[in-house]
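A.B. asks: generate coordinates for the sequence data below:
(one chain, ligands or ions: 2)
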Amino acid sequence: MTALDTYLGLRAFVDELVRCGLREACTSPGSRSTPLVLSLVRDARLRSTSHIDERCGGFFAVGLAKASGRPVALACTSGTAAANYAPAVIEAHEARVPLIVLTADRPPELRDVGAGQTIDQIKLYGSAAKWFQEVDDHAATPERIRWLRGLACRAFWTALEGRPGPVQLNFSLREPLVLDEPLPATEPGGGGRPGGRPWVTRRPRRGVPDDEAVSAVAAELERRPRALVVAGRAERDPQLGAAVAAFAARAALPLLAEPTAGARRGPAAIAHYDALLRDPAFGAARRPELVLRVGDLPTSKPLRQWLHGLGEGTLQIAFDPETAWQDPAGAAAVLLPADPRAALDALPSGSRDREWLDSWTQADRAAAAAIARALGGSDEPRVDGDAGEPAGDGGPAHAGSLSEPLVAAQLGATLPADATLVVASSMPIRDVETFFPVRDDPPRVLANRGANGIDGTVSTAFGVATAVDGPVVLLIGDVALAHDVGGLIAARRLGLALAIVLLDNGGGGIFDFLPVAAEGEAYERHVATPHGLDFAHAAALYGLAYEPVATAEQLRRALAFDRATLIHVRTDRQENVALHRRVWEAVRSAV
Ligand SMILES: Cc1ncc(C[n+]2csc(CCOP(=O)(O)OP(=O)(O)O)c2C)c(N)n1
Ligand SMILES: [Mg+2]
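C.D. replies: Ligands and ions are numbered 1, 2, ... in the order given. All right, here's what the predicted structure looks like:
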């Protein structure tokens, strides 16, 4: 065994990944990983980005893979380096994001004997990895090269097909780790298949209309005219949202779509279901006979509870093309393993119940007006002297001054259609769901909602910024930013543009909505966790432009898309709770 054998094998392995469709690799530094990293970097068909922190690198890859729909390769050295991929691997498993994780390891004779930087890396990610393979090193015979080519194909297609997710290949690498002679152009066995074809081609099934699924849904629609559509995250098919909206419009079915579904558009879309369904009377008066579910369940708790409580009179059918079983309440009676886009496109549009749709859209319009008044955005009619408003905790917000809901509403209304918004967990994803308006050309919205973590969000957004052409905006809370502050280094090291809108309410504002907020000092220190960080210093350290903003107009002007900018919005946790309650009350009394 020589370094030449290792490098010949890895060159074939990487060549095969590229033939399958790999375009991006994320590397992290180390010694044991040298052959892996150099083999990736030296393939000019790949873009290889470098990440000091494997936790950030992992989440960056998640963003890249989410935005591009393609598997992304990751390579790191042995020991805790590989362990630092774990949060991203778990998120990728839960959110069904294809990753090819290549971990370098010492050979068996150096394991568990006190050799440096060596831990047990066998099945390191447990059940979060879809597939694990230990890869020994071996002389570069034609048989070995052929096996490595097949291995690369299997890793790529396994990550992508069926229920997508991460795979781990653990490479046992012996010294010497660098070549002391040039790598020959020819390969033992003669190289890959002719015409650049992969060794094994295995395309995931997509877009084939499933006749059985179509006729099952068509029959139920016929029987149950009071139907509606619920749409959540479906990130691997960016065209799905428009197709769902077109179907709902054609069939005159109310469409309750989280912005991450890309379907909050068209005449049937109901934007403010989260606020509307907080009133039990509203939901009780609008019990559907049929619910068609597309994508994962939206975040909204009122929506989830309402769906859960609909009972036997409502048939709930969920499209589940990736066999993900996204149904925590056990409300779905049918899971269709069919591609929803193809199935909905193929459904006939019967003559539908207009009144049913109107009862939803009228309520939604009233909710939108009530919300606009309560938030007092500068684009909306001014609220001063508006006699009908509930005064509540201090009355309607001052026109133009930024609140967390107003930031979400403004981004929803004004981001360009070619923009991508990455939304952090906690209140940002909820405010986007509650306050984004219906729009014909909404921006794309992505979020790490597989495990609902607040970790890795900055890194994911930079990964997205690498993959897409249009502007990318990140909406994030202060604790989430503090958690992944190291991810900001991508601005400097990779020269990426990203507009980060930071909602800084001095801690985890989401917890102020919960009963635990009454627990005094213990609550503040251990749950809310105010940190006293001045993020201007983070911007300076990592080389981002810094824009503190306090009004809607300032936010509009600060949203620059040609550089990395930290746009700092300061809010108050208690006022934020009061404002949300005012909004919900305003919607209830308006509808
Ligand atoms: C990795 C991880 N740790 C802890 C949590 C629990 N958690 C949920 S929301 C939250 C606070 C988030 O605060 P911030 O980002 O400031 O958003 P805000 O609640 O203020 O909107 C925490 C700690 C989590 N979801 N993920
Ligand atoms: Mg916060």
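A.B. asks: mind showing which ranges of the protein have poor pLDDT?
C.D. replies: Within the chain, the segments meeting pLDDT under 70 span 204-207, 350-351, 377-400.
A.B. asks: center of it, which residue is that?
C.D. replies: A447 (3.0 Å; Cα atoms, centre = their mean).
A.B. asks: contacts only, for it.
C.D. replies: Residues near A447 by Cβ atoms under 8 Å, 6 or more residues apart in numbering: R233, T260, V422, V423, A424, S425, I429. Where you see a C-beta, it was placed from the backbone N, CA and C, and this is true even at glycine.
A.B. asks: go with 7 Å
C.D. replies: Taking Cβ atoms under 7 Å, 6 or more residues apart in numbering, we find A447 in contact with T260, V422, V423, I429.
A.B. asks: now render those as TSV, adding neighbour count, secondary structure and distance to ligand 2.
C.D. replies: What follows is these, written out as TSV (neighbours: other Cβ atoms under 10 Å; DSSP: H, G, I helix; E, B strand; the rest coil; distance: Cβ to the ion, whole Å):
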residue	neighbour count	secondary structure	distance to ligand 2
T260	28	helix	20
V422	28	strand	17
V423	28	strand	14
I429	26	helix	13
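A.B. asks: what is the neighbour count of L496?
C.D. replies: L496 has 19 neighbours, counted by other Cβ atoms under 10 Å.
A.B. asks: could you measure the closest residue to ligand 1 within the stretch 301-450 of the chain against V479, distance?
C.D. replies: Residue of the stretch 301-450 of the chain nearest ligand 1, by Cβ to the nearest ligand atom: M427 (3.0 Å). Per Cβ to Cβ, to the nearest Å, M427 is found 10 Å from V479.
A.B. asks: the more surrounded of those two?
C.D. replies: M427 (27 against 23).
A.B. asks: E404 is in contact with that one, correct?
C.D. replies: Yes - contact criterion Cβ atoms under 7 Å: M427 and E404 qualify, at 6.2 Å.
A.B. asks: which strand or helix spans V167?
C.D. replies: strand 166-172 (DSSP states H and E).
A.B. asks: need the contact partners of the helix or strand that that strand is followed by.
C.D. replies: The first helix or strand that comes after strand 166-172 along the chain, using DSSP H and E, is helix 211-223. By Cβ under 7 Å, 6+ apart, the residues outside helix 211-223 that reach it are A227, L290, L292, L315, I317, L336, A338, A343, A346, L347, P348, G350.
A.B. asks: could I have whichever helix or strand comes after helix 211-223 exported to PDB, CA atoms only?
C.D. replies: Remark: after helix 211-223, the chain's next helix or strand is strand 227-231, criterion DSSP H and E. Coordinates of each C-alpha in strand 227-231 appear next as PDB, following Å, rounded to 0.1, in the frame of the first residue of the first chain:
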ATOM      1  CA  ALA A 227     -62.500  20.300   1.300                       C
ATOM      2  CA  LEU A 228     -59.300  22.300   1.900                       C
ATOM      3  CA  VAL A 229     -55.600  22.000   1.300                       C
ATOM      4  CA  VAL A 230     -52.900  22.300   3.900                       C
ATOM      5  CA  ALA A 231     -49.400  22.800   2.600                       C
END
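A.B. asks: other SSEs contacting strand 227-231?
C.D. replies: helix 240-251, strand 255-257, strand 290-294 (3 or more Cβ pairs under 7 Å, 6 or more residues apart in numbering; DSSP states H and E).
A.B. asks: many thanks, I have nothing further to ask.
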